[in-house]
Each structure stands twice: as structure tokens, then as C-alpha cells.
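**Student:** Quick one, what's the 3D model for this:
(2 chains, ligands or ions: 1)
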Amino acid sequence: MKITEEIKISDNGFVFNSKTGDSFNVNPFGLELLKYIAEDKDFDSIKDEILGKYDVDSLTLEKDFYEFCALLKHHQIVAQGDPMEFK
Amino acid sequence: MSKLAYEKPVISKITAGVPNKFGLPVKQKIISEIDGIPVSELIKDYGSPVFVISEKTVRGTFAEARQAFETRYPKVQFAWSYKTNYLDAVCSIFHSEGSWAEVVSGFEFEKALLLGVNGSNIIFNGPEKSEEDLTLAINHDACIHIDHFDELYLLIETTRKLDKKARVAIRVNLDAGIYPIWDRFGFNYENGEAWNAINRIMLAENLDLIGLHTHIGTYIMASSAYAVAATKLSNLFMATYRKFDHWIKYIDLGGGFASKNTLKGAYMPGAETCPSFDEYAEAISNAIISSEIPHENLPVLFLETGRALIDDAGYLLTTVLANKRSNSGRRTMVIDAGVNLLFTSFWYNLGIYPAKEASDYSEETTIYGPLCMNIDVIREAINFPHVQTGDRLVIERVGAYNMTQWMQFITYRPNVVLIDSEGKTHVIRKKEDIETFKSFESNPKK
Ligand SMILES: Cc1ncc(COP(=O)(O)O)c(C=O)c1O
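**Tutor:** Numbering: from 1, shown residues only, chains lettered A, B, ... in the order given. Below is the predicted model of the structure:
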């Protein structure tokens, strides 16, 4: 999962897509996830860090993480891979 | 080291400066308890979903309505509209407050008798009255509100067979300046049909004309429409006196007062736009008192108020089953109460609230019921905070029409619980189970 080139992310949770002109608000935890994703980390390594730091169980985190990723794809913030390519 | 509080990650698109319909977002309302009993406890004891009715609210609302009318008009009588909510316990509360019964079928008539209502305190409305129903009504001296000429002649015939008199009123339909005009029930005022019916009744030896009735529609937002209706009935009242030297006993203005629910497509919340009981009472009382009717002959004013008296007292407690995303990225949620239980969700944008403090982040959401059917949508679009599966929600103002128009469809109908004036809970209609259905069916193939 790669954040597309046109995306600019500011430290206060403002996300701008210079290609479409859309802008977004992301909450602090969403912003943190975006930074991990930008560093090319996969869910398993993100999970360990988050579980150590936040008061959340791994199932809730997993559900929320993948829902968040689906939204990122929907808003074209991350590149949509081939949908038929299952891993 | 203690861990940081977790908040679900959310990202939302910024849409250029279109303000929220009702101004800036306000702090999310929550309903954590009903009459002091925690929602969590009610669900633990009675399951989810569960309807809950507050006796305190029923009596409080009734007192408000009665006061509005009794302070403006000398003789007022409410008749509880059974079809709005005919659970025995609910009807009994209204009867204990002095309400008569307003019924529209033989079934509802039997129910009122079983609850101990004196037959002469039953108003029998509606277009569906069989000879058997009329016989029951005549034998109990009920007030029979005639809907059409065929019924009038059937009634005359039935009184002859029984060799008894019937106490009757006619239902009148009229143009009260609102749309739609409900002209399918009763005799029309403007074209003279109502006056013809009165003449026919006055000539029938077995019929005693005691009332004039209209029900101009439901969820009427203009109190002025009632003034028009009351004036027209007053005209018929005086015309009957002039021609026949007969004083009719009551004028019945039916139901139709708006409840505080918000109609679909309405711009403002119903709680802020619907007239108060005082406004309706003012319009109706002024119209009758300022008509030609002499003070000493003022008729009793009957009201068959339904939804406005019971909507606020009913709650449906429900549980979040799933949070989903649609293909278009829209947030959707599935709850365990569907349109099978919430007939009024077809009319209203029902108020739905979390039972406990939820996330500060909210998002436009579609709320689905649990039925495997596309029509099962409780709210198309509601700004709703993020909640977890298993969280409890409360749907408010569901006391009217849902517990009578609900369907047994796909699943069982749930418990209905009354919280009495002392704060004690009682199951007043028990949840259906497979035995309920076994008792209805027989299977020649097994
Ligand atoms: C004859 C009659 N009276 C009273 C009512 C109660 O109406 P509402 O719930 O609008 O007050 C109805 C409902 O349709 C009705 O048909």
C-alpha cells in the first residue's frame, strides 16, 4: 500500500490531494497511522507499536485499521492495486 | 506506564462551506436511562430489541393536553384512539385518566369491553362495521359514528331487527384549508351530503343523533385547520337545531395533532415546529365559543388524540450489530431493530441516540435494520458518532402506531416493557417465540 505522490500531509491533520484538489481532515490517530503507512510499514509491525502504546485490543485495532485503509483507497490517498489480485 | 486512550482512526473529506442543516454540530445527545432505569439494565433483563413505555410520560402528556383544553372550554372529553396503541396496559392508563375508548373495528370494540369500558363510553368509528359489529354496538349503547349511506341503511335495518334504538353521530369530511383533504371517510360538508345524512337520520325513528364527528387528517401542522373544521361542525349543529329543534350533544374533532417527531423531508426538527396543545386548544375553543351556538347549549368537545399523546412515552432500545462501509465509502451500520418493528420510520426521521458517551467523531451514516431486505432502512442519513458492535442505542418517540402496525416478519416481535409511575418494570406484552406460531398453524402434510 503506497501513499500516492500527489498527497501532502500536514502535521495538524490536514491532507491535500494536489491532483484532484480534494482536502481531508484526519484525526490524530488516523494521522499517526498515515505516517506509519508513509514509512512503508505493514500492519503487523504497526500493530505491535500501537498495542504497546494505546489502550486497545488487537481485534478492534485490526477492524479499524482495515476500515481506515478502505477509506484511504476510496479517497485515492493510497494507490489502488489490482482488486483481483489476492494475497 | 499507563496507555494512551484509543480513538478510532477517521478521515473525512472537507466539503466547501456548506453548513450543517441545523447550524453547527452540537454535543451528541445520549439517552442512558429511562425514568431512572439504565438502558443496559433494561436490555439485560428484557433482551434486545425491547420497547419501553414510560407511564410517567403518558400521564404527564395527558395532563398537559387536558389542561390546555379544560382551561379554555367548559366540557371536554378525550377518547383514546385504540389503533394508535392498543396494548391493554396502555389503554388502561388512558381510561384511568378518564378517557373513553375510540375504536374502529369489532376487535378493538371487544378489547375495550374486556378492559371494562362501559359500552356507552365507546365511540365506534371507521368504514368497516359488519351487521354483527353494529349489533354489538347497539346492544352496548355505544356511540356509532356513521361513515357512509350504506352503513346508515344497514344500521336502520339492524335497529329494526333488534327493536332497539341506536345512538349515532355522522363522520363529516370537509375542506379545512389543508392538503390532502381526507374525503374518503364520512359525508362531505361542502356538497351538502352531510346535511342530507343528518336529515335522513332525524327521520329515522330508531336513531338518536347525538354527535358530529370529523377527523381532518393526521400530523396536522396548522392549528387554524381545526378552527375551520370546528366552525363547519358548529354550522351543522345550529342547522340541526333550527330545523328539528334538536340539540346535538357533542362535537368530536377527531385526532391529528402533530407529535414532536420530525417528518421526512422537514427542514426543522418537529419538536421546534409542531403546535403545542395550547395552540390547538385555543383554535378549537375559540371557533366553537364564537360560533352562533348559545352558551347554555355548548356541546361537549370530544378529542380522539392519538400520536401526540403517546409518541413521546415510547422508546425502542436496540443494539449495534455491525459497522460497515459501502462501496462508495459511506459509513453504514446495522442494528437489531428494523422496519418490521418501526412502521413510523417510513414517515419520520426517528431520533436515534447512543446509550453511553460515544466518540467525539461523528460521520454521516446510513442505519439499517437487521432484515435481509433492501427496504430495511431506519435512517438514510444521520450524523452519528462512531460506536462499537454491541453498543446500545435508544430510538425515541416510537409510542404511536409501531406497537400496532408492527409486522411479524422474519423474526419475533420483542418484549414490551412498562415502567410504572413508581419506577417498577413490567412486561406488558411478551416476546413471541416458536410456540406462538405453532398455535396458529396446522400442517396437513405432516
Ligand atoms: C377516526 C380517527 N380518530 C383518531 C385518530 C388518531 O389520530 P392521531 O394519531 O393523528 O391523533 C385516527 C387516526 O387515523 C382516526 O382515524
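**Student:** Just the terminal-to-terminal distance for stretch A:19-38.
**Tutor:** 18 Å (Cα to Cα, to the nearest Å).
**Student:** mind listing what's buried in that stretch?
**Tutor:** By neighbour count with 16 or more other Cβ atoms under 10 Å in any protein chain shown, stretch A:19-38 contains the buried residues A:22, A:24-27, A:29-34, A:36-37. (Glycine included, C-beta is placed from N, CA and C.)
**Student:** try stretch B:164-176
**Tutor:** Residues of stretch B:164-176 classed as buried by neighbour count (16+ other Cβ under 10 Å): B:166, B:167, B:168, B:169, B:170, B:171, B:172, B:173, B:174, B:175, B:176.
**Student:** for stretch B:341-361, same thing?
**Tutor:** B:341-345, B:348-355, B:358-359, B:361.
**Student:** Among the buried residues of stretch A:19-38, which ones are in strands?
**Tutor:** A:24, A:25, A:26 (DSSP state E).
**Student:** Alongside chain B, which residues does chain A contribute?
**Tutor:** When proximity is defined as Cβ under 8 Å from any Cβ of the partner chain, chain A approaches chain B at A:15, A:22-30, A:32-33, A:53-56, A:60-61, A:64-65, A:67-68, A:70-72, A:74-75, A:77.
**Student:** Return the subset of these lying in helices.
**Tutor:** Residues of these located in helices (DSSP state H): A:28-30, A:32-33, A:53, A:60-61, A:64-65, A:67-68, A:70-72, A:74.
**Student:** sorry, back to before: tell me the one among the buried residues of stretch B:341-361 nearest to chain A.
**Tutor:** Among the buried residues of stretch B:341-361, residue B:361 lies closest to chain A (Cβ to the nearest Cβ), at 6.1 Å.
**Student:** Flag the shaky bits of the chain, pLDDT-wise.
**Tutor:** In the absence of a named chain, chain A is used. A:80-87 (pLDDT under 70).
**Student:** wait, chain B
**Tutor:** B:1, B:16-26.
**Student:** tell me the helices in it, going along the chain?
**Tutor:** B:39-46, B:55-70, B:88-96, B:106-114, B:131-139, B:149-162, B:193-203, B:223-244, B:270-273, B:277-289, B:307-310, B:402-405, B:434-438.
**Student:** most packed of those helices?
**Tutor:** Highest mean neighbour count of the helices of chain B: helix B:307-310, a mean of 28 (counted as mean count of other Cβ atoms under 10 Å in any protein chain shown).
**Student:** for that helix, packing partners?
**Tutor:** The contact analysis (3 or more Cβ pairs under 8 Å, 6 or more residues apart in numbering or on different chains; DSSP states H and E) places helix B:307-310 against helix B:55-70.
**Student:** gap between the helix it packs on and the chain center?
**Tutor:** 15 Å (Cα atoms, centre = their mean, to the nearest Å).
**Student:** Name the surrounding residues that touch that helix.
**Tutor:** For helix B:55-70, the external contacting residues (Cβ atoms under 8 Å, 6 or more residues apart in numbering or on different chains) are B:35, B:76, B:78, B:90, B:93-94, B:97, B:99, B:276-278, B:280-281, B:284-285, B:301, B:303, B:305, B:308-310, B:312-313, B:399, B:418-421.
**Student:** Kindly recompute the last result at 6 Å.
**Tutor:** With contacts defined as Cβ atoms under 6 Å, 6 or more residues apart in numbering or on different chains, helix B:55-70 is touched by B:35, B:76, B:93, B:97, B:277-278, B:281, B:309, B:312-313, B:418, B:420-421.
**Student:** what's the closest of the residues you listed to residue B:241?
**Tutor:** Ranked by distance to residue B:241 (Cβ to Cβ), the contacts of helix B:55-70 are led by residue B:76 at 21.3 Å.
**Student:** so what's that closest one closest to, chain neighbours aside?
**Tutor:** Spatial nearest neighbour of residue B:76, excluding adjacent residues (Cβ to Cβ, 6 or more residues apart in numbering or on different chains): residue B:69 at 4.4 Å.
**Student:** center of the chain, which residue is that?
**Tutor:** Just going to use chain A. In chain A, the residue lying closest to the centroid (Cα atoms, centre = their mean) is residue A:34, at 4.1 Å.
**Student:** ah, I was thinking of chain B
**Tutor:** Nearest residue to the geometric centre of chain B (Cα atoms, centre = their mean): residue B:307, 2.8 Å.
**Student:** What's the separation between that one and the ligand?
**Tutor:** 4 Å (Cβ to the nearest ligand atom, to the nearest Å).
**Student:** Surely that residue and residue B:400 touch.
**Tutor:** Yes - using Cβ atoms under 6 Å, residue B:307 is in contact with residue B:400, at 3.7 Å.
**Student:** who touches residue 30 in this structure?
**Tutor:** Using chain A here. Residue A:30 makes contacts with B:9, B:10, B:11, as judged by Cβ under 6 Å, 6+ apart.
**Student:** you looked at the wrong chain, it should be chain B
**Tutor:** B:353, B:354.
**Student:** How much space separates it from the ligand?
**Tutor:** 29 Å.
**Student:** now swap in residue B:157 and tell me
**Tutor:** 24 Å.
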